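In: Here is a sequence with its predicted model. Questions after.
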Amino acid sequence: MPFFQTDETLQQAGDRILNALWSTVPGLVRNQVALTWIVYDKPVPVNTGGALSPEEFWRYPVRGFSYRGVECFEPGGMVRLFYLVAAHEWLEQGMVTPSPELERAMQAMITAHSHDATSLVVDSLSGTTSGPALPTGPFVTWQSQRNIVNRYYHTLEWEELTTINVNQKTWQDGPYGRERLFMGEMMEHRNQLTTEAIALLFHSIIGGVAVSAARSSAMMALLRSSEDPTSRGTQRTSPYSRYTWMSELYPPNTQHWALSSHTPTGQSLVTYVECPTVQPYLLALATEEKGVDGDLLPLLSSQVFEAVKGLQANQLLESPDQ
């Protein structure tokens, strides 16, 4: 069972979004999109500053819609979200020594999408380093060490995390030496994520239960993309600053937390949105852009935002005394 509950209202809204997408984007194949969308009804269990214990938090039901949410895709930089949580877990358990350099790398990994910073974080988590090919024995040990983050997520026993692979670094040009050998002859050991796995992990962070309440708050601080309404149209720094459309998507006084990734074959985005006029919601998207005329992320994000506004309007009609 997924961590969210499906219902007819969200199913109908999700179907409308996808039907509009198929009719709007010529040439788009239906396996080029995956999405998981979570809506938070009152009382909202997330962004509470860690007020809920993990036991209480996971008892709160949330509604969701997922399309191909269990299908694996190559996530590019989205894997950094999983390395961020693992790094905080290692620090919490004393498995790595805190240092200004590790903190600086964790920040740059998220806010600047830095490959070099990600490399240091992965090395710190696994006790491995990149370099030339290794002899067979040492290479077997090296590979086992690099799988430590996978083992951590498997111990959490979340169904959504059983098919993911998070043991590779991110690259500007590509892996070389032992890193290339570790990827496999056909690149079969590349990182793999699903939108449901991404949504689940983000849900735990904004819920204040990823590692600890304090560490969840620290992660949210890195993922936050607050905007001064007077700065619209100006250059700003955010986890997805390359997507200028985000500055115009939401009305003033909206708060959002996000991470994005862009690869040669597609894009992915996860964001949690708090807007004064709609229900809070979380959206995880993955798109393949090959053969597609246009950018799918802005289109899908705006369609979901409009759908959330429609949910709000229907609730007001059903409960006029609210």
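Out: Nice, I can see it.
In: hey, let's count contacts and neighbours off CA atoms from now on
Out: Will do.
In: list the helices and strands the longest helix belonging to the chain packs on?
Out: Counting residues, the longest helix in the chain under DSSP state H turns out to be helix 296-318. When contacts are defined as 3 or more Cα pairs under 8 Å, 6 or more residues apart in numbering; DSSP states H and E, helix 296-318 sits against helix 8-24, strand 266-274, strand 281-288.
In: Number of residues surrounding Thr48?
Out: The local packing of Thr48 (other Cα atoms under 10 Å) involves 13 other residues.
In: tell me the contacts of it?
Out: For Thr48, the contact set (Cα atoms under 8 Å, 6 or more residues apart in numbering) comprises Gly207, Gly208.
In: backbone phi and psi for it, please?
Out: Main-chain torsions, Thr48, degrees, to the nearest 10: phi -100, psi 0.
In: Distance of it relative to Leu283?
Out: 19 Å (Cα to Cα, to the nearest Å).
In: again with Val85
Out: In terms of Cα to Cα, Val85 sits 19 Å off from Leu283.
In: name the element the closest residue to Ser53 other than its chain neighbours belongs to?
Out: Excluding the flanking residues, the one nearest Ser53 by Cα to Cα, 6 or more residues apart in numbering is Val209, at 7.3 Å. Element membership for Val209 (DSSP states H and E) is empty, with no helix or strand holding it.
In: burial of Val209, as a residue count?
Out: By other Cα under 10 Å, neighbour count at Val209 equals 25.
In: the bottom helix or strand of this structure by mean pLDDT?
Out: Lowest by mean pLDDT, DSSP states H and E among the helices and strands of the chain is helix 246-249, with a mean of 77.
In: What pLDDT is listed against Asp295?
Out: pLDDT, Asp295: 84.
In: Spit out the contact partners of Pro2.
Out: Counted by Cα under 8 Å, 6+ apart, Pro2 has contacts Glu159, Glu160.
In: For it, give its distance to Tyr272.
Out: Distance, Pro2 to Tyr272, using Cα to Cα: 19 Å.
In: just Lys290 next, same as before
Out: 27 Å.
In: Residue ranges in this protein under the pLDDT threshold?
Out: Under the criterion pLDDT under 70, the flagged ranges of the chain are 225-244, 247, 313-322.
In: The same query, at a cut-off of 50, please.
Out: Within the chain, the ranges that satisfy pLDDT under 50 run 226-242, 316-317, 320, 322.
In: need the helices for it, in chain order.
Out: Under DSSP H, the chain gives helices at 8-24, 54-59, 80-93, 100-111, 115-126, 136-146, 148-155, 178-183, 195-206, 213-223, 246-249, 296-318.
In: hang on, the earlier thing: CA atoms only for the least confident helix or strand of the chain - export them in CSV, please.
Out: Provided in CSV are the C-alpha atoms of helix 246-249 (Å, rounded to 0.1, in the frame of the first residue of the first chain):
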residue,chain,number,x,y,z
MET,A,246,8.4,29.3,-11.3
SER,A,247,8.6,33.0,-10.3
GLU,A,248,5.3,33.6,-12.1
LEU,A,249,3.4,30.5,-11.4
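In: starting at the chain centroid, how far to it?
Out: In this view, helix 246-249 has its centroid 19 Å away from the chain centroid, taken as Cα atoms, centre = their mean, to the nearest Å.
In: Quick one: list the elements packing against it.
Out: Secondary elements touching helix 246-249 (3+ Cα pairs under 8 Å, 6+ apart): none.
In: domain parsing for the chain?
Out: Per the record, the chain has its domains at 1-73+194-322, 76-192, by automatic domain parsing.
In: Quick one: distance of the last one to the chain centre.
Out: When you say that, I think you mean domain 76-192. 16 Å.
In: okay, how far is it across that domain, tip to tip?
Out: Start-to-end, domain 76-192 (Cα to Cα) is 9 Å.
In: Among the helices of the chain, which comes closest to Ser268?
Out: Distance to Ser268, taken as Cα to Cα, is lowest for helix 296-318 among those, at 7.7 Å.
In: Okay then, goodbye and thanks.
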